[in-house]
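this is a predicted model, with the sequence first.
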Amino acid sequence: MPELPEVETVVSDLRPQLAGRRFETVSLLLPRLVRYPEPAAFVAGLMGARVETVSRRGKYILAPLAGSAKRFVVHLGMTGHLRVWGRDEPLARHTHLRITLDDGRELRYDDQRQFGRFLLGAEDELRTARVFPRLGPEPIGDSLTEGDFQALIRRRRRPVKSALLDQSFLAGLGNIYSDEACFAAGLRPTRMTHRLAVRERQALFGAIGAVLRASIAHRGSSVASYVDAFGVAGRNQETLQVYGRGGRPCLRCGTPLKRLRLAGRTTVYCPQCQR
DNA sequence: ACCTACCTGGCC
DNA sequence: GGCCAGGTAGGT
């Protein structure tokens, strides 16, 4: 489900529901999803903890715990959902974690493919244990300037799309928004980063920001199973230009979109609009 | 910088 | 049955 815009939507939905809430009981139904610490310590560490707020770094959801340096971290993988439910609502099919809250409701994690993961620990601790990776800069917000991006991408020597998918280069893009950003920038995903002209790098930087901000405004892309923290689908899938449209006509010029395999992922682009 | 594995499930 | 799917990690 989740790239930056989807995670951002979930985080902004969860924040008012979880900030200040206390975790009462924790039921871990699929211990394999806990990467750190041991499942028993993970459960013990969450019980009784109070959530300060909910935020995001790349595709990771961060919930710092009050009066402690520790944070509860969730990655949604491909099909994860983190949602607050009424205690009596029936469980979703693949529910793997249940945490009762002090307001009578329940935080639940469900994940059909089980690619998500949970962490609990201080920032340094998680990095030292190598369970939280070094992430590149956030592509939106004020932290990354166009100049920074220019310098960053010029140093790489790889296809543009592989760079965009690499979380240690830029944090938050996945298969949908990498393809959409390349289209919006008029660049073929196969172009090599170190061969881009200054204006092409500029266009790419602008395209990444525009594509992500538009999707956040639409509350994310619900291509398959993604729904927000209230169970509601996003609308951005209606505006996607290339993702999932291989073989169909380009919405801008009518040329059939090409599909190929790049960096292990299905990639779609317009041979006419993208050079 | 690539491949493959990790899972379940939908579609052909 | 085989292939595909928004994710990353671990080993070439």
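The structure has been received and is ready for your questions.

contacts and neighbour counts: CA atoms only from here.
Will do.

where do the helices sit along the stretch 151-275 of chain A?
A:160-165, A:175-185, A:198-217 (DSSP state H, counting those that start in this stretch).

of all of chain A, which residue lies closest to DNA strand C?
A:A224 (2.1 Å; Cα to the nearest atom of the strand).

the helix or strand harbouring A:A63 pairs with which strands?
If you go by DSSP states H and E, A:A63 is part of strand A:60-64. As defined by DSSP bridges, the strand partners of strand A:60-64 come to strand A:55-57 (antiparallel), strand A:71-75 (antiparallel).

touching the longest one from outside, list them.
Spelled out, it's strand A:71-75. Contacts to strand A:71-75, defined as Cα atoms under 8 Å, 6 or more residues apart in numbering, come from residues A:46, A:59-65, A:116-123.

try stretch A:262-271
In contact with stretch A:262-271 (Cα under 8 Å, 6+ apart) are residues A:161-162, A:175, A:179, A:182-183, A:188-190, A:242-246, A:250, A:255-261.

C-alpha coordinates for that stretch, PDB please?
Provided in PDB are the C-alpha atoms of stretch A:262-271 (Å, rounded to 0.1, in the frame of the first residue of the first chain):
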ATOM      1  CA  LEU A 262      13.700  -1.900 -14.000                       C
ATOM      2  CA  ALA A 263      15.300  -2.300 -10.600                       C
ATOM      3  CA  GLY A 264      13.100  -5.400 -10.300                       C
ATOM      4  CA  ARG A 265       9.900  -3.500 -10.600                       C
ATOM      5  CA  THR A 266       7.400  -3.100 -13.400                       C
ATOM      6  CA  THR A 267       8.000   0.400 -14.900                       C
ATOM      7  CA  VAL A 268       5.700   2.300 -17.200                       C
ATOM      8  CA  TYR A 269       6.600   5.400 -19.300                       C
ATOM      9  CA  CYS A 270       5.600   7.300 -22.400                       C
ATOM     10  CA  PRO A 271       8.200   6.900 -25.200                       C
END
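
for it, what is the average pLDDT?
Per-residue pLDDT over stretch A:262-271 has a mean of 94.

close to DNA strand C, is that stretch?
Yes - using Cα under 7 Å from any atom of the strand, stretch A:262-271 comes into contact with DNA strand C via A:R265, A:T266.

buried residues, that stretch. List them.
Within stretch A:262-271, the residues scored as buried using 16 or more other Cα atoms under 10 Å are A:T267, A:V268, A:Y269, A:C270, A:P271.

can you give me the strands for the stretch 151-275 of chain A?
A:258-262, A:265-269 (DSSP state E, counting those that start in this stretch).
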